[in-house]
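Chemist: Just to be clear, the model below is a prediction. Sequence and coordinates:
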Amino acid sequence: MSTADDDLVPISVRLGDVVPPEDPEDWTRPLTWVAALGMLAAPLVALGWFVAAAPTEATRALPATVAVAVALSGGAAATGATQLGVARAWTATLAAGLFGALAVVMLGVVMAGGRQVGVASPTLAHGFAAALAGLAGAAAGSLVAAVVARLQSRLVRFLAAVTAAVAVAAVAVSVLLPG
């Protein structure tokens, strides 16, 4: 392949070359930060909770359990709201929710301290419940994000998806850990 032919092929398609990203300024765009913080919101809230005042019981929902679930679902919906197009909004919301849920459960395991047999540690129990509730909210948010994805207003897309996601997550926590 000649040098002239290389110019016709996008750099991301060329094989055998290690190249930097095509758009190195991507992190200067606010929507990139919204998407990144949306995926990391719940793990950061859970980490802060587990480090500052880890739960001591796993039988009932705590305000922090609701906060982690709301951060997970709201962050996932915010990530999806950055996308234009039905499929992108739907998949971005679900992917962000799955990533956040996995990270929250992993934090619950890591912060559990000693291993317990027969019963889950409180951090794992609350992390798992918050992750499930957050995923339920993210699923609702993904449906709303897909419906409003074609709207031009980012604010409307954001508010609709986040409101639905957060409402479902808050209700799901009370169903999973009644107290």
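Modeler: Thanks, I have the structure now. Note that the structure is predicted; figures quoted are calculated from it, not measured. Numbers count the residues shown, from 1 in each chain.
Chemist: For residue 30, the count of nearby residues, please.
Modeler: Residues lying near residue 30 (other CB atoms under 10 Å) number 8. Yep, even glycine has a C-beta here, placed from its N, CA and C like the rest.
Chemist: ok, now the one 3 residues further on?
Modeler: Other residues within reach of residue 33, judged by other CB under 10 Å, total 12.
Chemist: Show me what the host helix or strand of it is packed against.
Modeler: Element membership for residue 33, per DSSP states H and E: helix 30-53. Helices and strands touching helix 30-53, by 3 or more CB pairs under 8 Å, 6 or more residues apart in numbering; DSSP states H and E, are helix 63-81, helix 86-110, helix 122-148.
Chemist: Now for the nearest residue in space to residue 75 that is not next to it in sequence: which residues touch it?
Modeler: Of all residues not flanking residue 75 in the chain, residue 41 sits nearest, at 3.4 Å (CB to CB, 6 or more residues apart in numbering). Residues in contact with residue 41, defined by CB atoms under 8 Å, 6 or more residues apart in numbering, are 71-72, 74-75, 78, 100.
Chemist: Looking at the residues you listed, spot the one nearest residue 162.
Modeler: Nearest to residue 162 out of these is residue 74 (CB to CB; 5.0 Å).
Chemist: show me the contacts for the closest one.
Modeler: 38, 41, 137, 141, 162, 165-166, 169.
Chemist: Out of the helices and strands in this protein, which is least certain?
Modeler: One helix or strand of the chain scores below all others by mean pLDDT, DSSP states H and E: helix 3-8, with a mean of 57.
Chemist: Next, the buried residues of stretch 58-73.
Modeler: Residues of stretch 58-73 classed as buried by neighbour count (16 or more other CB atoms under 10 Å): 58, 61-62, 64-73.
Chemist: how about it as PDB, C-alpha atoms only?
Modeler: Extracted in PDB, the C-alpha atoms of stretch 58-73 (Å, rounded to 0.1, in the frame of the first residue of the first chain):
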ATOM      1  CA  ALA A  58     -28.200  -6.100  56.300                       C
ATOM      2  CA  THR A  59     -31.800  -6.500  57.200                       C
ATOM      3  CA  ARG A  60     -33.300  -3.200  56.200                       C
ATOM      4  CA  ALA A  61     -32.600  -0.400  53.700                       C
ATOM      5  CA  LEU A  62     -30.500   2.500  54.800                       C
ATOM      6  CA  PRO A  63     -30.600   6.000  53.300                       C
ATOM      7  CA  ALA A  64     -27.200   5.300  51.800                       C
ATOM      8  CA  THR A  65     -28.500   2.200  50.100                       C
ATOM      9  CA  VAL A  66     -31.100   4.400  48.400                       C
ATOM     10  CA  ALA A  67     -28.400   7.000  47.600                       C
ATOM     11  CA  VAL A  68     -26.200   4.400  45.800                       C
ATOM     12  CA  ALA A  69     -29.100   3.000  43.900                       C
ATOM     13  CA  VAL A  70     -30.200   6.500  42.800                       C
ATOM     14  CA  ALA A  71     -26.700   7.400  41.900                       C
ATOM     15  CA  LEU A  72     -26.400   4.200  39.800                       C
ATOM     16  CA  SER A  73     -29.700   4.700  37.900                       C
END
